[in-house]
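A.B. asks: Whatever this is, show me its structure:
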Amino acid sequence: MKRVIKMISIILLLLLLLCVISIWCSYHVLSLTTFTLSSEKVNTPMRAVLISDQHDHIFRDDNEELIERILELEPDVVFMDGDMLNADSDDISWLLSEIERLSAKVPVYYALGNHELAYMAAHPDLITQLEEAGAIVLDEQYVDVEIAGNAVRIGGFYDYAFSRTDAKTTADTMDAQDHAFLSDFCDTSRLKIMLSHRPDSFVFSDASAIWQIDYVLCGHNHGGQVRLPFLGGVFGGDQGYFPPYEDGLHSFAAMNMIITRGLSSNPKILPRFNNLPEIVVLDFVS
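C.D. replies: You can find the predicted model right below:
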């Protein structure tokens, strides 16, 4: 009997050790995911790097590891897709430094997440700080730019792209400002890239069938936060448990969506598990 108890104790200790190692890796071991995206709107190859949900986490020596990994990829553009800080962050100098160092080499576009919006309640100058550091901040705004010889429209949108009271996404049932912005954004022959922190903003109702956007880039759900073998991520925000849209590439009737698992999470909630921090590379080809 004592031998059985001893073996069980050893097994439990090993499982505990594996859990601790998995949690540590989920905050410190950077991973790389690459998608090759073909479009008739792309004339010459173009590379973008997508990151989100850093939540104040520092990757070795003032983020030197993260910045080096991104710049080694030689991107034409970097997208920061929200929740880079926390709602209650005391010091965002690390983020401003990260933006300064990246934007000195490559354009950086920044979209707001729920933590930025909450942070701004006490720090209304956040957008000014981000812009002074070198980011182009897009909050229900878009810009038309040339990237590696390609005509691109880049937008930022946080709100829900569907009606809360009707199954259809129409001017009568949507927020008028949201409808006007999305209608204007979609009215172009350029390659359309929308930074939308939450997948939830487009996956419900008819939004993904009506708004013709080439690529919607998202984060927010941290890949489900806790990732179980064979089952995937557990937590999915508005999508509930075991969300269908937690990471990866998804194709809808009128758009494609790329969701990153993000770089970290708010330390005050359940820690990431079996869920490596992710840098996403988007290689656009003709």
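A.B. asks: Please count neighbours and contacts with C-alpha atoms only from this point.
C.D. replies: Will do.
A.B. asks: got any ranges where this structure has weak pLDDT?
C.D. replies: 4, 6-7, 9-11, 163-173 (pLDDT under 70).
A.B. asks: what's the single longest helix in it?
C.D. replies: Determined from DSSP state H, the single longest helix within the chain is helix 2-28.
A.B. asks: so how far is it from its chain's centroid?
C.D. replies: Remark: helix 2-28 is offset 32 Å from the chain centroid, using Cα atoms, centre = their mean, to the nearest Å.
A.B. asks: Buried residues, that helix. List them.
C.D. replies: For helix 2-28, burial by neighbour count (16 or more other Cα atoms under 10 Å) applies to 22-28.
A.B. asks: quick one, helices of the stretch 51-200 of the chain?
C.D. replies: Assigned by DSSP state H, counting those that start in this stretch, the stretch 51-200 of the chain shows helices spanning 64-72, 93-103, 114-119, 126-133, 176-186, 200-203.
A.B. asks: okay if I get these as a markdown table plus mean neighbour count and distance to residue 246?
C.D. replies: Listed next are those as a markdown table, based on neighbours: other Cα atoms under 10 Å; distance: least, Cα to Cα, whole Å:
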| stretch | mean neighbour count | distance to residue 246 |
| --- | --- | --- |
| helix 64-72 | 15 | 23 |
| helix 93-103 | 18 | 25 |
| helix 114-119 | 18 | 17 |
| helix 126-133 | 16 | 27 |
| helix 176-186 | 16 | 23 |
| helix 200-203 | 21 | 10 |
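A.B. asks: quick one: which of those helices is nearest residue 278?
C.D. replies: Proximity to residue 278 (Cα to Cα) singles out helix 64-72 among those, at 10.3 Å.
A.B. asks: so residue 257, which of the three states?
C.D. replies: strand (DSSP: H, G, I helix; E, B strand; the rest coil).
A.B. asks: doesn't residue 250 make contact with it?
C.D. replies: Yes: Residue 257 is in contact with residue 250 according to Cα atoms under 8 Å; the separation is 5.1 Å.
A.B. asks: Those two: which is more packed in?
C.D. replies: Neighbour count, other Cα atoms under 10 Å: between residue 257 and residue 250, residue 257 has more, with 25 against 15.
A.B. asks: for the residue nearest to the more buried one when sequence neighbours are not counted, what are its contacts?
C.D. replies: Counting by Cα to Cα, 6 or more residues apart in numbering, the nearest residue to residue 257 once its immediate chain neighbours are dropped is residue 216, at 4.6 Å. Contacts for residue 216 (Cα atoms under 8 Å, 6 or more residues apart in numbering) come out as 193-196, 255-258.
A.B. asks: Out of these, which is nearest to residue 237?
C.D. replies: residue 196 (14.4 Å).
A.B. asks: From residue 64, how far out is the residue most central in space within the chain?
C.D. replies: When Cα atoms, centre = their mean is applied to the chain, the residue found nearest the centroid is residue 219 (2.8 Å). According to Cα to Cα, to the nearest Å, residue 219 and residue 64 sit 22 Å apart.
A.B. asks: before we move on, back to that, how about the next helix or strand after the longest helix of the chain: buried residues?
C.D. replies: Moving toward the C-terminus from helix 2-28, the next helix or strand (DSSP states H and E) is strand 31-38. When burial is assessed from 16+ other Cα under 10 Å, strand 31-38 yields the following buried residues: residue 37.
A.B. asks: what comes up buried for stretch 79-97?
C.D. replies: 79-87, 92, 95-97.
A.B. asks: Please flag which of these sit within strands.
C.D. replies: Counting by DSSP state E, the part of the buried residues of stretch 79-97 found in strands is 79-80.
A.B. asks: which residues touch residue 192?
C.D. replies: With the criterion set at Cα under 8 Å, 6+ apart, residue 192 makes contact with 152-155, 186, 213-215.
A.B. asks: what do you get if the cut-off is 7 Å, keeping everything else the same?
C.D. replies: Contacts for residue 192 (Cα atoms under 7 Å, 6 or more residues apart in numbering) come out as 152-154, 213-215.
A.B. asks: In strands, which of the residues you listed appear?
C.D. replies: 152-154, 213-215.
A.B. asks: Selecting buried members of the residues you listed in PyMOL, what would you type?
C.D. replies: In PyMOL, this line selects whichever of those come out buried by 16+ other Cα under 10 Å:
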select buried, resi 152+153+154+213+214+215
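A.B. asks: could I get the ones in strands among the contacts of residue 192 as JSON lines with distance to residue 131?
C.D. replies: Below are the ones in strands among the contacts of residue 192 laid out as JSON lines (distance: Cα to Cα, whole Å):
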{"residue": "152", "distance to residue 131": "20"}
{"residue": "153", "distance to residue 131": "19"}
{"residue": "154", "distance to residue 131": "16"}
{"residue": "213", "distance to residue 131": "26"}
{"residue": "214", "distance to residue 131": "26"}
{"residue": "215", "distance to residue 131": "24"}
